[in-house]
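Visitor: Structure of the sequence below:
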Amino acid sequence: MSTRQKEIQYSSRTRAGTTSFEYVQRLRRAMADLFEKLPEDLRNGPEAQLLRPVGDHKVYNIVHLIYRARNYEGHSKDYDFSRASMREHWRAGYHDAIRTLRHPEVLERPTNHEGVFTFDLCNDGRE
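Guide: Down below sits the predicted model:
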């Protein structure tokens, strides 16, 4: 029971962080768009100068690599730092990265308004 609860908790935190990042990026892009529309006198004002570095049109690709516990792992998987456990986690991460890179869309430049593309190996990378 506590193992599944931790999986849900950590996964929810990861997805909440991504959602928050997407929202902030949407604000940055809106600010950059608005800044371009401002008349020159407002664009050169102190308020605009303060906000100018925050607005941008950068794009981001986010890849979720969420560790999936093995059947024999119990509730201690999030605090077991033994050499064997860490090697297994690193190996799983390496293989997840290899599987992710088989999907060319992961490396494509986002074209949506937010400028953010999120790839979740668990949902998008079914092979």
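Visitor: Distance of residue 27 relative to residue 39?
Guide: Look at residue 27 and residue 39: by Cβ to Cβ, to the nearest Å, they are 22 Å apart. C-betas here are computed from N, CA, C, even on glycine.
Visitor: Give me the more crowded residue out of those two.
Guide: Neighbours were counted for residue 27 and for residue 39 using other Cβ atoms under 10 Å; residue 27 has more, 13 against 8.
Visitor: Mind telling me what element that one is part of?
Guide: helix 2-37 (DSSP states H and E).
Visitor: so residue 117 sits in a strand?
Guide: Yes - counting by DSSP: H, G, I helix; E, B strand; the rest coil, residue 117 is found in a strand.
Visitor: Would you mind stating the distance between the closest residue to residue 58 other than its chain neighbours and residue 101?
Guide: Distances taken as Cβ to Cβ, 6 or more residues apart in numbering place residue 115 nearest to residue 58, at 6.5 Å, with adjacent residues excluded. When Cβ to Cβ is the yardstick, residue 115 and residue 101 sit 22 Å from each other.
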